[in-house]
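Enquirer: Using only what follows, build the 3D model:
(2 chains)
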Amino acid sequence: NAGVTQTPKFRVLKTGQSMTLLCAQDMNHEYMYWYRQDPGMGLRLIHYSVGEGTTAKGEVPDGYNVSRLKKQNFLLGLESAAPSQTSVYFCAARWGYEQYFGPGTRLTVT
Amino acid sequence: RKEVEQDPGPFNVPEGATVAFNCTYSNSASQSFFWYRQDCRKEPKLLMSVYSSGNEDGRFTAQLNRASQYISLLIRDSKLSDSATYLCVVEGYNNNDMRFGAGTRLTVKP
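Expert: Below you'll find the model as predicted:
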């Protein structure tokens, strides 16, 4: 039982490149979330999903897109990366009010 | 004003000390409150929920003051292993999401 996994763990992108971060959960939870964490800012919600086929915007959605085609997977896309998107990205799956987080993806945009 | 505010610290305390953290929130309609713990370069993990009547889990006590819109975490008999960042989490305006404080860093020294 792996819980929540994230792929990749690290990535360096050049400005303007695109990429997709994958979040996978094996807990069958309905709710999934993508956050970014920056120094001094705490975790900020990018997008979330309340079930397969649904997505919604969070606090800081600009520059990101998401998809939840399968219940167990939640994808975060960056179409044209910018240096301001350098951050640590965490995915979470929620049961009740408890969120279970993945180990994070460290993304650097140069 | 941020939705969830915490004293960033750092709090540096000796082993065995008692330490308290406060967190204020702006959404008076919030019904759910939590403390998460995050170790350096790791994902956040749920420490405890915060109930209206207050709750205790071993050395940890959480309190909620709705009138003043703050929650607190008290750690008694601090251990070296308590060194971490403590995140205050409050239900957002949309109860599908949670809002995180920036965290309070605690270092317990021998």
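Enquirer: When you work out contacts or count neighbours from here on, use the C-alpha atoms and nothing else.
Expert: OK.
Enquirer: Find the closest residue to chain A in chain B.
Expert: For chain B, the residue closest to chain A is residue B:102, as judged by C-alpha to the nearest C-alpha, at 3.6 Å.
Enquirer: Excluding sequence neighbours, find me the nearest residue to the residue positioned nearest the centre of chain A.
Expert: Closest to where the C-alpha atoms of chain A average out (C-alpha atoms, centre = their mean) is residue A:34, at 3.3 Å. Counting by C-alpha to C-alpha, 6 or more residues apart in numbering or on different chains, residue A:91 is the residue found nearest to residue A:34 once chain neighbours are left out, at 4.6 Å.
Enquirer: what's around the one you found, how many residues?
Expert: Neighbourhood size, residue A:91 [other C-alpha atoms under 10 Å in any protein chain shown]: 31.
Enquirer: Pull the contacting residues for it.
Expert: Shown in contact with residue A:91 (C-alpha atoms under 8 Å, 6 or more residues apart in numbering or on different chains): A:4, A:6, A:23, A:32, A:33, A:34, A:35, A:101, A:102, A:104.
Enquirer: where's it, which helix or strand?
Expert: Element membership for residue A:91 (DSSP states H and E) is strand A:87-95.
Enquirer: Pairing partners for that strand, with directions?
Expert: strand A:31-38 (antiparallel), strand A:98-101 (antiparallel), strand A:105-109 (antiparallel) (DSSP bridges).
Enquirer: Next up, the contacts around the closest residue to the residue of chain B closest to chain A other than its chain neighbours.
Expert: Distances taken as C-alpha to C-alpha, 6+ apart put residue A:42 closest to residue B:102, at 3.6 Å, once the chain neighbours are dropped. Contact analysis of residue A:42 by C-alpha under 8 Å, 6+ apart lists B:100, B:101, B:102, B:103.
Enquirer: Show me the beta-bridge partners of residue A:42.
Expert: Under the criterion used (DSSP bridges), residue A:42 bridges to residue A:38.
Enquirer: same check, this time on residue B:14
Expert: With DSSP bridges as the rule, residue B:14 is bridged to residue B:109.
Enquirer: Which residue does chain A have closest to chain B?
Expert: Taking C-alpha to the nearest C-alpha, chain B has its nearest neighbour within chain A at residue A:42, 3.6 Å off.
Enquirer: For residue B:81, which three-state class applies?
Expert: At residue B:81, secondary structure determined by DSSP: H, G, I helix; E, B strand; the rest coil is helix.
Enquirer: Near chain B, which residues of chain A are found?
Expert: Proximity of chain A to chain B (C-alpha under 8 Å from any C-alpha of the partner chain) is limited to residues A:40-45, A:48, A:50, A:58, A:90, A:97-104.
Enquirer: For burial, what's the neighbour tally of residue A:39?
Expert: Count around residue A:39 with other C-alpha under 10 Å applied: 9.
Enquirer: Then residue B:13?
Expert: 18.
Enquirer: who's in contact with it?
Expert: B:19, B:106, B:107, B:108, B:109.
Enquirer: Any chance of those in JSON lines with pLDDT and neighbour count as columns?
Expert: Formatted as JSON lines, the contacts of residue B:13 follow (pLDDT from 0 to 100; neighbours: other C-alpha atoms under 10 Å in any protein chain shown):
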{"residue": "B:19", "pLDDT": "97", "neighbour count": "17"}
{"residue": "B:106", "pLDDT": "96", "neighbour count": "20"}
{"residue": "B:107", "pLDDT": "97", "neighbour count": "20"}
{"residue": "B:108", "pLDDT": "98", "neighbour count": "19"}
{"residue": "B:109", "pLDDT": "97", "neighbour count": "15"}
